[in-house]
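In: Next comes the sequence, and after it the predicted model I'd like to discuss.
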Amino acid sequence: MKITDITTTLVFADWRNWTFIRIFTDEGFVGLGEATIRAREHAVASAVEDMSRVLIGMDPRQIQSHWQMLYRDFHNRGGVILMSALSGIEIALWDILGQYMNVPIHALLGGDLRESAWAYTNGWFLDARDPERLGCLAQAAVQKGFTALKWNPFYGAMEGWMSPLARRQAVAQVRGVRQAVGEDVELLLEAHGIFTPVIALQMADDLSAYRPFWIEEPCPPEDIQAMAHIRENSPIPVATGERLYGKYEFANLVERRAADIVQPDVQHAGGIFETRLIAGMAEARYMSFAPHNSSSPVGTAASLQVDACTPNFLIQELPTDDVPWRDEIVDPSVEAIHNGKLTIPSAPGLGVRLNEKIAAQHPYQPADVSSVVITPDSERLARRLMNKTS
């Protein structure tokens with residue numbers, strides 16, 4: 001079997017463009033992968049094109065050989081662009097191998113440990129900040145079947161600092177959601193690396209009474225020592241890893257025991273096999289594995305393949321409420337929630353195919369990070385609601 005072509009398709013989805021990679025072969029197998037980042041998607045697509053030149057004519061089943069060649073071929077390795085491109089290609093190669101062997105990917109990684117994966121929703125809050133409104137939205141998410149909810153209550157932070165008013169507002173949000181959903185629903189707090197260590201610990205102390213499941217990226221993730229300091233002193237478990245790329249960066253985090261939960265993203269950390277290696281490193285230090293995923297159902301399907309066969313798997317991120325046609329971008333749907341869990345795909349390979357008709361209806365649009373960050377909440381909320389009804 002030989003690779004005959006590799007293509008990249010950009011699909012606009014609210015605040016980012018999903019970046020899909022397909023690898024075609026001379027035996028009719030087509031592998032699907034994803035390499036979505038928040039912006040700079042053309043840089044990723046160009047990196048995929050550069051890597052593709054050395055893959056055309058190669059046997060797609062030699063996944064590790066191709067991975068090592070592509071990774072080591074660059075003197076300047078790592079980083080979100082190169083690692084995302086490599087990850088998307090690697091996922092598509094695994095998809096081909098699974099189809100060729102007529103088994104799901106997780107069967108090739110040792111077989112499944114579970115048939116479903118506990119999941120949390122991220123996106124249910126629609127940018128609301130009022131505690132009462134958040135409580136209503138949280139109840140709606142629970143009614144849809146979720147037992148774990150994540151959001152960022154820390155608006156108002158500037159240069160790592162939060163004013164007393166912003167801190168009180170964050171506490172009011174968490175208190176309001178906890179009162180709305182009760183004690184049997186887990187609350188996961190996203191900080192996006194905005195705090196200094198001292199403010200992160202102050203916020204953790206303020207919020208610990210409401211029993212958050214974790215605080216995610218409480219400080220910039222590149223400072224492992226600062227993250228370790230927070231983890232050692234925080235009353236709330238610390239999760240991080242979505243902005244670390246590959247096992248070498250995670251090795252420092254794991255050996256320093258700088259988190260309770262590691263969050264590699266299969267689309268950025270190096271792909272399926274590399275993510276499984278990272279989870280194994282964490283397992284050896286009694287750290288849980290909770291894959292980051294803020295992209296399309298293709299990313300969800302890839303994550304679930306790793307979740308199925310990983311002993312220290314804890315919970316899977318599931319983006320929701322971004323575009324009304326989200327479930328239609330792949331066939332079949334893989335994001336139906338039942339009793340708080342997602343079913344592990346059992347079809348060969350990744351278990352999903354790209355719906356080209358739906359993809360063509362939503363072509364690329366610019367979605368710069370700056371426009372997402374500075375857009376007023378009311379304007380962005382109106383834009384998202386318009387997308388839902390269009």
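Out: Sure thing, it's come through. Residues are numbered from 1 along each chain as shown.
In: Quick check, pLDDT for the one residue sitting closest to the centre of the chain.
Out: In the chain, the centroid-proximal residue (C-alpha atoms, centre = their mean) is residue 293; its distance is 1.4 Å. Confidence at residue 293, expressed as pLDDT, is 97.
In: Who are the contact partners of it?
Out: 265-267, 299-300, 303, 316-319 (C-beta atoms under 8 Å, 6 or more residues apart in numbering). Backbone N, C-alpha and C define where each C-beta goes, glycine included.
In: Same list (those) but as JSON lines, adding distance to residue 172 and secondary structure.
Out: Formatted as JSON lines, the contacts of residue 293 follow (distance: C-beta to C-beta, whole Å; DSSP: H, G, I helix; E, B strand; the rest coil):
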{"residue": "265", "distance to residue 172": "31", "secondary structure": "strand"}
{"residue": "266", "distance to residue 172": "35", "secondary structure": "coil"}
{"residue": "267", "distance to residue 172": "35", "secondary structure": "coil"}
{"residue": "299", "distance to residue 172": "33", "secondary structure": "helix"}
{"residue": "300", "distance to residue 172": "32", "secondary structure": "helix"}
{"residue": "303", "distance to residue 172": "33", "secondary structure": "helix"}
{"residue": "316", "distance to residue 172": "29", "secondary structure": "strand"}
{"residue": "317", "distance to residue 172": "25", "secondary structure": "strand"}
{"residue": "318", "distance to residue 172": "26", "secondary structure": "strand"}
{"residue": "319", "distance to residue 172": "25", "secondary structure": "strand"}
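In: Show me which of those are buried.
Out: Those of the contacts of residue 293 that meet the buried threshold are 265-267, 299-300, 303, 316-319, by 16 or more other C-beta atoms under 10 Å.
In: between those residues, which is nearest residue 242?
Out: For the buried ones among the contacts of residue 293, the closest approach to residue 242 (C-beta to C-beta) belongs to residue 265, at 5.2 Å.
In: Ramachandran coordinates for the residue nearest to the closest one when sequence neighbours are not counted?
Out: Spatially, and ignoring its direct neighbours in sequence, residue 265 is nearest to residue 292 (4.1 Å; C-beta to C-beta, 6 or more residues apart in numbering). Per-residue torsions, residue 292: phi -70, psi 150 (degrees, to the nearest 10).
In: Residue 292: neighbour count?
Out: 26 (other C-beta atoms under 10 Å).
In: Equivalent analysis for residue 367, please.
Out: 16.
In: looking at this, it is in a strand?
Out: No - Residue 367 is assigned coil when assessed by DSSP: H, G, I helix; E, B strand; the rest coil, not a strand.
In: Spit out the contact partners of it.
Out: Residue 367 touches 12, 14-17, 38-39, counting by C-beta under 8 Å, 6+ apart.
In: again, but for residue 98
Out: By C-beta under 8 Å, 6+ apart, the residues touching residue 98 are 104-105, 107-108, 348-350.
In: Please repeat the previous calculation with a cut-off of 6 Å.
Out: Residue 98 makes contacts with 104-105, 348-349, as judged by C-beta atoms under 6 Å, 6 or more residues apart in numbering.
In: Among those, which pair sits farthest apart?
Out: So, these by C-beta to C-beta: farthest apart are 105 and 348, at 8.7 Å.
In: ok, these two, which is more surrounded?
Out: Neighbours of residue 105 and residue 348, each counted by other C-beta under 10 Å, are more numerous for residue 105; the result is 27 against 19.
In: Quick check: the more buried one touching residue 94?
Out: Yes - Residue 105 is in contact with residue 94 according to C-beta atoms under 6 Å; the separation is 5.0 Å.
In: how about residue 189, secondary structure?
Out: Here residue 189 is recorded as strand under three-state DSSP.
In: got the CA positions of the helix or strand that residue 180 is a member of in CSV?
Out: Assigning secondary structure by DSSP states H and E places residue 180 in helix 164-181. The C-alpha atoms that make up helix 164-181 are tabulated as CSV, following Å, rounded to 0.1, in the frame of the first residue of the first chain:
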residue,chain,number,x,y,z
PRO,A,164,-11.1,42.3,45.0
LEU,A,165,-14.3,42.9,43.0
ALA,A,166,-13.2,40.4,40.2
ARG,A,167,-12.4,37.9,42.9
ARG,A,168,-15.8,38.3,44.5
GLN,A,169,-17.4,37.9,41.2
ALA,A,170,-15.6,34.7,40.4
VAL,A,171,-16.6,33.3,43.8
ALA,A,172,-20.2,34.3,43.1
GLN,A,173,-20.2,32.5,39.8
VAL,A,174,-18.9,29.2,41.3
ARG,A,175,-21.2,29.5,44.3
GLY,A,176,-24.2,30.1,42.0
VAL,A,177,-23.4,27.1,39.8
ARG,A,178,-22.8,24.9,42.8
GLN,A,179,-26.1,25.9,44.3
ALA,A,180,-27.9,25.4,41.0
VAL,A,181,-26.6,21.8,40.3
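In: Give me the buried stretch members for it, please.
Out: Buried-residue list, helix 164-181, by 16+ other C-beta under 10 Å: 166-167, 169-178, 180-181.
In: Need the max-distance pair from those.
Out: Taking C-beta to C-beta, no two of these sit farther apart than 166 and 181, at 23.2 Å.
In: still on that earlier bit, quick check: of the buried ones among the contacts of residue 293, which lies closest to residue 275?
Out: Nearest member of the buried ones among the contacts of residue 293 to residue 275, counting by C-beta to C-beta, is residue 266, at 4.7 Å.
In: Please consider this matter closed, and thank you.
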